[in-house]
Structure formats: C-alpha cells, structure tokens
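Trainee: pasting a predicted model and its sequence here:
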Amino acid sequence: MTDDRLHGLYAITDSGLIPPGRLTTAVAAALRGGARVVQYRDKSDAAGRRLAEATALATLCRAQGALFLVNDDVELAAACGAHGVHLGREDSALETARRRLGAEAVIGVSCYDDLQRARQAAAAGADYLAFGRFFPSRTKPDAVPASPALLQEAKAELGLPLVAIGGITPDNGGQLIAAGADMLAVVHGVFGQPDIEAAAERFADMFGEARS
C-alpha cells in the first residue's frame, strides 16, 4: 500500500526521555510540531501500562491524522488499534505480522546497512524500509553505520518510502532527504529536547525546504 503520511518527521518515543505520566502530552507536542508518524517504543515487560499508553497514543494519532506504529510487538499493535508495526531483525516475520494485522496495516522493516535485506522485505510486502544508523546514535551507539549512498541505491531500485535513522539532527538531516529519505526517524532530537513542539517543527520544516 501507499500512504501519503509516510513522509516527514517520524518520531520515536523513549520512556527514558519522557517522565512517567507525560507520554501523551509529549507526543501531542510532537504532533503539533508536525510529526507525521509516531512509533511507540517501550521494551519493558509492563504489559498493562504499555497497552494503556499505546491505546491512548493510537487514539491521539488517529485524531490528528498521523500514523501510529508499535515497535516490535505485533500483538500490542493489534490490541491498541495501531495503524501497524515496525519490525527489526529479531522480531516477527513480516508475513506473520501481515496475517495478524491485515492487508491495510502499515508494516515497516529495519534494514540497517543491508540492501539485500531491503530487497527481501520489499518482496515480502513491506510498506516502508528503514536504514541506519547514519550518524552516532545515543539510542543505539553500537549500531552498524550506513551511508547516504545506500538511500540513493534503495530509492532507485526499490521505489518504497525510506526512513533514515540514527543520530539525525536538523543540521545533518538535509543530506539524507537529498539522498532519498522520505522520513527522518528521531528519538532524542525530539523527545530529549526542552521544547518538543519546537524541536519537531524544525525537522518538519526541513521537508518543506527540500520540496521547494
């Protein structure tokens, strides 16, 4: 499927950056700033809290016309009413997620620095492909680096929306958009900032500049 919301700022939550009880408020600020996609990422085993948080965010994002995705957890995505799920190397198979979530679900796949993995994900029906890290990352400091040239190659060959992730800031993200990134995935650059709305707006504005 093609979704015109798969473009722009892709904000990823981090429970270590957002005080308890402030997640919905923080995400609302990111949406006001222009985030088009929100990914709920929480690796804890607090099932009840995770379901409550994800459900609240799904409702908020739908009301604001943004996509809401859950990191890794297909069952949580189904239970909370998310638009879809983002899958990494160690997560459910894309085909399994598609059967569980349905044909209309948005399913993205982490491809790291691996174009062959991206080819396989595209063939299996991924809706978007994520590459990175492109710069030193606080969230995943040991992640394998990727180059902007990889985005160019993937865009030319695969034709799917592309996400760039890893240490992205308003100062360095422009080169990734120029190389073919449809979305910039950001954690600390949004939710680690004192003014989340203003931080999100700086990233969102980059896409308008790229189009002009």
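Mentor: The structure has been received and is ready for your questions. It should be emphasised that the depicted structure is a prediction, and the values quoted were computed from it without experimental measurement.
Trainee: so which residues of this structure form helices?
Mentor: 23-33, 47-64, 74-80, 94-101, 115-124, 148-158, 173-179, 188-191, 196-211 (DSSP state H).
Trainee: run through who's touching stretch 64-84.
Mentor: 3, 5-6, 12, 31, 35-43, 50-51, 54-55, 57-62, 85-88, 91-92, 96-97, 100-101, 105-108, 127 (C-beta atoms under 8 Å, 6 or more residues apart in numbering). To be clear about C-beta, it is placed using only N, CA and C from the backbone, and glycine gets the same treatment.
Trainee: buried residues in it?
Mentor: 64, 66-74, 76-80, 82-84 (16 or more other C-beta atoms under 10 Å).
Trainee: ok so, going back, just say which of the helices of the chain is most tucked in.
Mentor: Comparing these by mean neighbour count (mean count of other C-beta atoms under 10 Å), helix 188-191 ranks first with a mean of 24.
Trainee: correct me, but residue 205 touches residue 34?
Mentor: Yes. Between residue 205 and residue 34 there is a contact at 7.4 Å, judged by C-beta atoms under 8 Å.
Trainee: show me where pLDDT drops low in this protein?
Mentor: Residue ranges of the chain with pLDDT under 70: 1-2, 209-212.
Trainee: and the longest strand for it?
Mentor: Looking across the chain with DSSP state E, the single longest strand is strand 106-112.
Trainee: residues making contact with that strand?
Mentor: Residues contacting strand 106-112 (C-beta under 8 Å, 6+ apart): 1, 3, 6, 67, 69, 83-89, 94, 97-98, 101, 117-118, 121, 125-132, 143-144, 146, 154, 163.
Trainee: just the ones of these in strands?
Mentor: 67, 69, 84-87, 128-131, 163.
Trainee: turn these into JSON lines, columns for distance to residue 176.
Mentor: Below are the ones in strands among the contacts of strand 106-112 laid out as JSON lines (distance: C-beta to C-beta, whole Å):
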{"residue": "67", "distance to residue 176": "20"}
{"residue": "69", "distance to residue 176": "20"}
{"residue": "84", "distance to residue 176": "23"}
{"residue": "85", "distance to residue 176": "23"}
{"residue": "86", "distance to residue 176": "18"}
{"residue": "87", "distance to residue 176": "21"}
{"residue": "128", "distance to residue 176": "15"}
{"residue": "129", "distance to residue 176": "14"}
{"residue": "130", "distance to residue 176": "12"}
{"residue": "131", "distance to residue 176": "9"}
{"residue": "163", "distance to residue 176": "10"}
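Trainee: all set, thanks.
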